[in-house]
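**Q** Structure for the following, please:
(chains A and B)
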There are 2 protein chains.
Amino acid sequence: MEQSIIAKDELQWNSPVEAPFQISGFAWWSKEQKFRRLPVVEPGAIRQELDDLADNTSGGQIRFQTNATKLVIKVKLFGPNTAEHITGTAVNGFDCYLGKPGSQLYYGTTRFPHDSDQYEYVFFEALEAEMRCITLNFPLCQGVHEVLIGLNEDANIFNFPAYATDQRIVLYGTSITQGGCASRPGMSYTNILSRRFDLEFINLGFSGNGKGDPEIAEMINEIADPSCIVVDYDANNPHIDDLIRTMPEFIRILRSRNTEVPILVLSRIPYSFEHANTSAYEDRIARRNYQSELVKELQAKGDSMIYFHDGAELFGEIWNDCTVDGIHPTDLGFMQIANGLTPILKDILKLLG
Amino acid sequence: MEQSIIAKDELQWNSPVEAPFQISGFAWWSKEQKFRRLPVVEPGAIRQELDDLADNTSGGQIRFQTNATKLVIKVKLFGPNTAEHITGTAVNGFDCYLGKPGSQLYYGTTRFPHDSDQYEYVFFEALEAEMRCITLNFPLCQGVHEVLIGLNEDANIFNFPAYATDQRIVLYGTSITQGGCASRPGMSYTNILSRRFDLEFINLGFSGNGKGDPEIAEMINEIADPSCIVVDYDANNPHIDDLIRTMPEFIRILRSRNTEVPILVLSRIPYSFEHANTSAYEDRIARRNYQSELVKELQAKGDSMIYFHDGAELFGEIWNDCTVDGIHPTDLGFMQIANGLTPILKDILKLLG
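**A** Numbers count the residues shown, from 1 in each chain, chains lettered A, B, ... in the order given. Have a look, this model is predicted:
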């Protein structure tokens, strides 16, 4: 009797870096097999902050099909959460979605002691043994040393169905792009959109460091088959002059290789305190106007595949409620951003046929 | 020169427990002057968990008018945040709203080291010296030993305008009622509604402990002039039998004093994993049906002021996206709850004329 109980509880532990598991969202994955958002570089090749933030796993996904009745995850992280305005579940957690690609539903989030840098969590353990497509979203603001997936011993594992297309959407930007401050990984706007469009979204948001570094534009040019590149780094530039100095060159580099790829320039979202702080408001409008004019100028020069959208319109009427600290969207803000970008990206992708 | 810089930075420190500051949201405030949601009781008078959770300051507000150009807050808490699925800014933070009562806008949230149990934070320091109505929302899931409000030395302080009516809405329930897991205090559903209705909302949500204790019903009966009592404690009952055992008595006690006060019974919100977990779904439906039937029965017996609403309808079509962990709403979920309850409470308050 005791033996059979032990047998029942035994798990098969799998590394998701091996087939039939699929890792997506890391553009250099197939080349380097690292949970990392940029290629490994020589020291000094990019700013140290970018090198460090590249290890934050935002946008990474583990995808597989299984008839498992039990699903467990074991995770070793670079460190515990030390932020007060974003949850541990967002910084260090994984969340789990089930169901048909394009309409997957949220199932659960890892729970763990708030100050831990590793954990084991049972997503489920008594589901019916039917085949399910599963997506596990990587932590948004942390590095991941190791992930293991535990399933009941007799569970089978299969490939996740391929994305709707082989092309990917690349987003370059700030902490907001990276997913700060969603409550859990699946609620960053890039993960919401990846789920909704059934497409790979490459998240290149670098908290505090979306400064238009030309090295990042060069790296984006290494990414195969982008269907759209979103340039969303307004908010990390202390002064509009920083934008004016970097953005034309950033776009020029992207265009030097991606001659026919749609580029969407997105100005920053409104800060919640702008209603009482006119200089913050005026600064945003000046930045918006600059970016809008730059895109018009490039269009006038013959670039028919570059677009601009005012980030302030994404939040809509409830703009003031959308952030945790005046700057970083919550799940409410990210849902507004995703909803606002959906028709825009649909139109852009339609152009590609 | 140095002297004038020091003089410019000097602050007047005020205790918000003294007029013209107003403390609202604590039903026993005028009697006991404690940042506490229940009266102080003898040991054993209520369960220890409730006694402890009563010190969590959810729903408390500091209200005043000032022409200050600088606003600082100094806070001493019972402890640091130790939860991984809710932010420090929600557990331990204050947030700040400005503007006309009924349409106040969010301005900012305290920031502090994630593991600290006290902090000082500058909400603003260079605003125009014009008169503003200010609301500071207390932390959702922590006790507060002391709060001090710092203003520039020459700022004036006045009363906040009185609420739209002297009556208050009382909400009894669970961690969800208490505000878990909003990103900051102003985004709990009771604080959203308090802002929107310009009414005092008394938050009696007790994390994990909304178990229909008759002692709490007796205490609710001590609260003067309730315009509505919301009974929202379904989710903290391990089994439907716990509801069946406690709810008729809980309502009977409320009615024994509040003979003409509208009572709104709210069944629990859907859990995000119900799509794959039929027993969780069926359990929710059984609880919903029980509560709906109980209200019908009481109506049939002549209680014309008791109402039922299905909590699942509050989330609407986006129900699956609304939580951080399958159970606790994020700002997205709380906004849905507030939006769903707004017309219901409006109708109820209209009945009162």
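
**Q** residue closest to the middle of chain A?
**A** With distances taken as C-alpha atoms, centre = their mean, residue A:59 lies nearest the centre of chain A, 3.2 Å away.

**Q** give the contact list for it.
**A** When contacts are counted by C-beta atoms under 8 Å, 6 or more residues apart in numbering or on different chains, residue A:59 touches A:25-26, A:37, A:138, A:179, A:188, A:190-191, A:194, A:201-203. (C-beta placed from N, C-alpha, C; glycine too.)

**Q** Which ones among the residues you listed map onto helices?
**A** Residues from the contacts of residue A:59 lying in helices, with DSSP state H as the criterion: A:190-191, A:194.

**Q** Now tabulate those in JSON lines and tack on distance to residue B:115, neighbour count and pLDDT.
**A** Formatted as JSON lines, those follow (distance: C-beta to C-beta, whole Å; neighbours: other C-beta atoms under 10 Å in any protein chain shown; pLDDT from 0 to 100):
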{"residue": "A:190", "distance to residue B:115": "30", "neighbour count": "29", "pLDDT": "98"}
{"residue": "A:191", "distance to residue B:115": "28", "neighbour count": "29", "pLDDT": "98"}
{"residue": "A:194", "distance to residue B:115": "33", "neighbour count": "27", "pLDDT": "98"}
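
**Q** hang on, the earlier thing: host element of the residue nearest to the centre of chain A?
**A** Residue A:59 is part of no helix or strand when elements are defined by DSSP states H and E.

**Q** Now it: closest residue in space, sequence neighbours ignored.
**A** Ranked by C-beta to C-beta, 6 or more residues apart in numbering or on different chains and with sequence neighbours excluded, the top spatial neighbour of residue A:59 is residue A:203, at 2.9 Å.

**Q** any idea how far that neighbour lies from residue B:274?
**A** Using C-beta to C-beta, to the nearest Å, residue A:203 is found at 29 Å from residue B:274.

**Q** One more: residue A:195?
**A** Residue A:195 is 18 Å from residue B:274, by C-beta to C-beta.

**Q** When those two are compared, which one has more neighbours?
**A** residue A:195 (24 against 21; other C-beta atoms under 10 Å in any protein chain shown).

**Q** my read: the more buried one touches residue A:97, true?
**A** Yes. Proximity of residue A:195 to residue A:97 meets the contact threshold set by C-beta atoms under 8 Å, at 6.7 Å.

**Q** intersection of neighbour lists for those two?
**A** By the contact definition C-beta under 8 Å, 6+ apart, residue A:195 and residue A:97 are jointly contacted by A:104, A:135, A:186.

**Q** now, which of those residues lie within strands?
**A** Among the shared contacts of residue A:195 and residue A:97, the members found in strands (DSSP state E) are residue A:135.

**Q** The residue lying closest to residue A:151 once chain neighbours are set aside: neighbouring residues, count only.
**A** Sequence neighbours aside, residue A:68 is the residue nearest to residue A:151 in space, at 4.1 Å (criterion: C-beta to C-beta, 6+ apart). A count of neighbours around residue A:68, defined by other C-beta under 10 Å, yields 28.

**Q** Please tell me how far residue A:68 sits from residue A:107.
**A** Here residue A:68 is placed at a distance of 12 Å from residue A:107 (C-beta to C-beta).

**Q** Likewise for residue A:344?
**A** On the measure of C-beta to C-beta, residue A:344 and residue A:107 end up 29 Å apart.

**Q** Between those two, point out the one with more neighbours.
**A** residue A:107 (27 against 17).

**Q** Could you report the pLDDT at residue A:350?
**A** We have a pLDDT of 87 for residue A:350.

**Q** In the stretch 151-300 of chain A, which residue sits closest to chain B?
**A** Using C-beta to the nearest C-beta, the closest approach of the stretch 151-300 of chain A to chain B is made by residue A:183 at 4.1 Å.

**Q** Backbone dihedrals for that residue, both of them.
**A** Main-chain torsions, residue A:183, degrees, to the nearest 10: phi -90, psi -20.

**Q** Residue A:96 is in contact with residue A:105, correct?
**A** No. Applying C-beta under 8 Å, one finds residue A:105 not in contact with residue A:96, separated by 10.0 Å.

**Q** Identify the spatial nearest neighbour of residue A:177, chain neighbours not counted.
**A** Leaving out its chain neighbours, the residue that sits closest to residue A:177 by C-beta to C-beta, 6+ apart is residue A:205, at 2.8 Å.

**Q** who are the neighbours in contact with that neighbour?
**A** Counting by C-beta under 8 Å, 6+ apart, residue A:205 touches A:58, A:171-179, A:190, A:232.

**Q** which residues does it bridge with?
**A** Beta-bridge pairing for residue A:205 (DSSP bridges): residue A:173.

**Q** And it, how close does it get to residue B:215?
**A** Taking C-beta to C-beta, one finds residue A:205 at 50 Å from residue B:215.

**Q** quick one, helices of chain A?
**A** For chain A, the helices defined by DSSP H cover A:2-9, A:29-32, A:48-53, A:88-91, A:175-178, A:189-197, A:214-220, A:240-257, A:278-300, A:312-315, A:331-351.

**Q** I'd like the ones you listed written out as CSV, with distance to residue B:283 added.
**A** Formatted as CSV, these follow (distance: least, C-beta to C-beta, whole Å):
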stretch, distance to residue B:283
helix A:2-9, 25
helix A:29-32, 41
helix A:48-53, 43
helix A:88-91, 24
helix A:175-178, 38
helix A:189-197, 27
helix A:214-220, 49
helix A:240-257, 53
helix A:278-300, 48
helix A:312-315, 37
helix A:331-351, 26
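
**Q** weakest of those by average pLDDT?
**A** Least confidently modelled of these is helix A:2-9, at a mean of 48 by mean pLDDT.

**Q** on that earlier part again, which of residue A:105 and residue A:96 has more residues huddled nearby?
**A** Ranked by neighbour count (other C-beta under 10 Å), residue A:105 and residue A:96 place residue A:96 first, with 26 against 18.

**Q** What residues does residue A:81 make contact with?
**A** With contact set as C-beta under 8 Å, 6+ apart, residue A:81 has these partners: A:87-88, A:91-92, A:114-115, A:141-142, B:84, B:114.
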